[in-house]
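Participant: After the sequence you'll find the predicted model.
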Amino acid sequence: MKRIGSPSTCVACALVVFLLAATGAGQLVVNPSTVSFGSVQIGGSVSQSVVLSNAASSNLTISQATVSGAGFAFSGLGLPATLAPGQSVNLTTTFAPQSGGSFTGSLSLAYSFPKTKAQGKGSPNSNGSARLSLTGTGTSPGQLNANPTSLNCANVQVGSSQTQSATLINSGGSSLTISAASASGTGFSLSGLALPLTLNAGQSTTFSVQFAPNATGAVSGNVSITSDGANPNLNIALSGTGVTPGALSASPTSLSFGSVQVGSGASLSETLTNTGGASVTISQANVTGTGFSITGLTLPTTLTPSHSVTFTAKFTPAATGAASANLAIVSDASNSPLNIALSGTGTAQSQLSVSPGTLNFGNVVVGANLALTGSLTANTGSVTVTSGSSNSSEFVLSGITFPKTIAAGQSASFTVTFTPNASGATSGSLTFLSNASNSPTVETLTGTGQAPQSHSVDLSWTASQSQGVVGYNIYRGSVAGGPYSKVNSTLNTDTAYTDSTVTAGQTYFYVANAVDGNNVESGSSNEVQVTVPNP
C-alpha cells in the first residue's frame, strides 16, 4: 500500500478488502451436505433431517429452495426464512421412488444478507447459494413364494407319520419379515420356522410339515404364512390319507404236493396279496424243511394295496416218506411273518414196463398195413410218460396222448401200425420217455414186407347153339347192369377166358356176347359178379 501515491488510492483498496470479507462472512452451512436414502421400496418413502445454519456475522434470508431428481422432495422450511448469526433451522428431505433403479438429485438453496455500511445505501444486498446432494435406490418389495406350492403326503398308516419339506423364497427386491406361520387340518403340524424371521432379497428358508393321521380317510389342510411382503398371506395346500396298515394273505393258505417220486419234483403256485390299506414290502421268504424250495419271487418286492405277486413252490424229495416244511414270508406288514405250511410224501421210484417187449407183425403185403396193440404199465408208483416216438416211418404210433400219467399198477394201451415200403424183413423201435427210473423204455418192432400177390378172374361159359358162331367177346363193368367195357383185345374162340387186369379188393360184373362170321354180336349172357380178394 505504501507504493500507492495518493491517500485516495489507499482508501479504495481498503474498501475492496472489506467487501471481500463481508461476502465470505454470509455463509449458509448445510449439515449434512449429502443425504443418502439407501434402498427404498417402490411405493414407500424414507425421510431424513437436514440442519441449515447461519455461519455469518449478520442475518441471512433464505428466499428460495428448489429440489431436483425423480422421487425427491423436502418439507418443514417456510420461505422466506431469516436466520440470525449462529441460528439454525431444520428441514426434512424425502425419497419416495415410483420405479426401480438408482436416483440422484439435489436441493438448491438461494439466500441473501444485508449490505454493510461501508457499501452505502445505494449498493445491492449480497447473495449466496448452497446445495444439498441427494441419492437413493428404488427397489421392488419383498415377494414370498413357496416351493412346492402344495404338499401331498399320500397314504400314511394310522399311528405313524410322514414328514415333507417346503422352502420359502424371497423373490422380491427388498427384505421381508415373516411374522406368523401355522398349519391347519387334522394330523398336520409345522416345524422348523423360528419367528419372526427376516429374509433378504433372494434369501430362502426351509421348514417341515408332518402328517400323523389318527383315523382312516382323506384329510386336507393348509399352511398359512404371514409376512410384510407384497403378498402378506401365503397359503400352501396340504393333503394326505390315513390308511390301515398293510397286511398279507396267502392263497392257498397251505400247499400239499401229495406223493412225489424220489428224484422227481412237483411244483405248485402260491399267491401273496396285500389286503391292507398301505403298501407292503416283502424282504424275505425263508423255507425250513428238506426237499422244499421256491422260485419266481424277487426280493425285496413292494405290493401296493390290493396288488398280488405269484411264485412257485417245489417239492423234490430225496427220500421216501412224509415231509413237511414252513415258508415264512417276512415283510413290514402288520401280520409279519406270514407262515405257509408245506407238505408232501416221497415215494419210491417206479418203473415203466412195455408189453410185449417185441411187437412182431409177421408178413404184411407191401402197400398194405397191419395194426397191433401194446401196453405200458406203471410198476411200484405212478409214472408220467412225457413222449413216445418211433425210429422208423414204417412203424407209426397212435392211440395214446402225451403227457400220460399212469397210476401205480395201472396200464395204458397204444397202437402201432406197420406199413412196409418194400419186400423183406425190417425192424424198428418205440422209445417212451417218462419220470420212471428206467426211462427211456424201449419196445422192439419187427415185420416183413411181402410182395403183393397177383390176382386174376377165370371165366367160362356154355357154347352158344346158334348157327355160325365163330367166337366171343367178354365185357366187364364196375356196377351191376353195366355199363360194360370189352376186356379181350382179340376175338376169343374158346368158351373160357382169364382176366388178369383186376385189382385186389375190387368187385366186377361180367357178361359174354357170341359173335358170328359176319362179326355180328348176340345179346349178352347172364351177368356174373366176382369180388377180387384183398390183398
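Facilitator: Yep, it's here. Values in this document were obtained by computation on a predicted structure and should not be read as measured data.
Participant: On the three-state scheme, residue 402 is what?
Facilitator: What DSSP: H, G, I helix; E, B strand; the rest coil gives for residue 402 is coil.
Participant: Not counting its neighbours along the chain, what's nearest it?
Facilitator: Distances taken as C-beta to C-beta, 6 or more residues apart in numbering put residue 387 closest to residue 402, at 5.2 Å, once the chain neighbours are dropped. C-betas here are computed from N, CA, C, even on glycine.
Participant: what lines up beside the helix or strand where residue 413 lies in the sheet?
Facilitator: Element membership for residue 413 (DSSP states H and E) is strand 411-418. Using DSSP bridges, the neighbouring strands of strand 411-418 in the sheet come out as strand 370-379 (antiparallel), strand 395-398 (antiparallel).
Participant: Partner strands of the helix or strand hosting the residue nearest to residue 402 and their direction?
Facilitator: Using DSSP H and E, residue 387 falls within strand 383-390. Strand pairing for strand 383-390, using DSSP bridges, gives strand 404-406 (antiparallel), strand 424-434 (antiparallel).
Participant: Tell me the predicted confidence for residue 366.
Facilitator: Residue 366 is assigned 90 on the pLDDT scale.
Participant: got the domain boundaries for the protein?
Facilitator: As assigned by automatic domain parsing, the chain contains the domains 25-139, 144-243, 251-347, 351-450, 457-531.
Participant: what's the span of the shortest one, first residue to last?
Facilitator: Using C-alpha to C-alpha, to the nearest Å, one end of domain 457-531 lies 9 Å from the other.
Participant: Buried ones in stretch 521-535, by neighbour count?
Facilitator: Of all the residues in stretch 521-535, those buried under the rule 16 or more other C-beta atoms under 10 Å are 525, 532.
Participant: for stretch 159-170, that is, sorry about that
Facilitator: 166, 168-170.
Participant: Tabulate those (a markdown table), appending pLDDT.
Facilitator: Output for these, formatted as a markdown table (pLDDT from 0 to 100):
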| residue | pLDDT |
| --- | --- |
| 166 | 96 |
| 168 | 97 |
| 169 | 97 |
| 170 | 95 |
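Participant: which one of those residues is nearest residue 95?
Facilitator: residue 170 (22.4 Å; C-beta to C-beta).
Participant: Can you give me the separation between the closest one and residue 230?
Facilitator: Look at residue 170 and residue 230: by C-beta to C-beta, to the nearest Å, they are 10 Å apart.
Participant: so what's in contact with these two at the same time?
Facilitator: 142-143 (C-beta atoms under 8 Å, 6 or more residues apart in numbering).
Participant: Tell me where the chain is predicted with low confidence.
Facilitator: Applying pLDDT under 70 to the chain flags the ranges 1-26, 115-125, 535.
Participant: residue boundaries of the helices in it?
Facilitator: Here the chain has its helices, by DSSP state H, at 7-25.
Participant: how about stretch 151-159: buried residues?
Facilitator: Buried residues in stretch 151-159, counted by 16+ other C-beta under 10 Å: 151, 153, 155-158.
Participant: mind listing which of those are in strands?
Facilitator: Among the buried residues of stretch 151-159, DSSP state E puts 151, 153, 155-157 in strands.
Participant: Please produce a markdown table containing the residues you listed, extended by distance to residue 402.
Facilitator: What follows is those, written out as a markdown table (distance: C-beta to C-beta, whole Å):
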| residue | distance to residue 402 |
| --- | --- |
| 151 | 63 |
| 153 | 58 |
| 155 | 51 |
| 156 | 56 |
| 157 | 53 |
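Participant: now, which of those sits nearest residue 203?
Facilitator: Nearest to residue 203 among those: residue 151, at 21.5 Å, using C-beta to C-beta.
Participant: Residue 193: how many residues sit nearby?
Facilitator: A count of nearby residues for residue 193, using other C-beta atoms under 10 Å, gives 18.
Participant: do the same with the one 4 residues further on
Facilitator: Taking other C-beta under 10 Å as the neighbour definition, residue 197 ends up with a count of 16.
Participant: Look up which residues are beta-bridged to the nearest residue to it once chain neighbours are set aside.
Facilitator: Nearest in space to residue 197, with sequence neighbours left out and distances taken as C-beta to C-beta, 6+ apart, is residue 178 at 4.6 Å. With DSSP bridges as the criterion, residue 178 is bridged to residue 197, residue 227.
Participant: what would the buried residues of stretch 159-170 look like in CSV with distance to residue 334?
Facilitator: Formatted as CSV, these follow (distance: C-beta to C-beta, whole Å):
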residue, distance to residue 334
166, 31
168, 38
169, 41
170, 45
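Participant: Widest-spaced pair of those?
Facilitator: 166 and 170 (14.5 Å).
Participant: So which bits of stretch 487-506 are buried?
Facilitator: Going by 16+ other C-beta under 10 Å, stretch 487-506 has these buried residues: 487, 492, 497, 499, 502.
Participant: So which of these are in strands?
Facilitator: Per DSSP E, the buried residues of stretch 487-506 map to strands at 497, 499.
Participant: Relative to residue 31, which of the buried residues of stretch 487-506 is nearest.
Facilitator: Nearest member of the buried residues of stretch 487-506 to residue 31, counting by C-beta to C-beta, is residue 502, at 150.1 Å.
Participant: ok now do the closest one, which residues does it touch?
Facilitator: Contacts of residue 502 by C-beta under 8 Å, 6+ apart are 455-457, 508, 530, 532.
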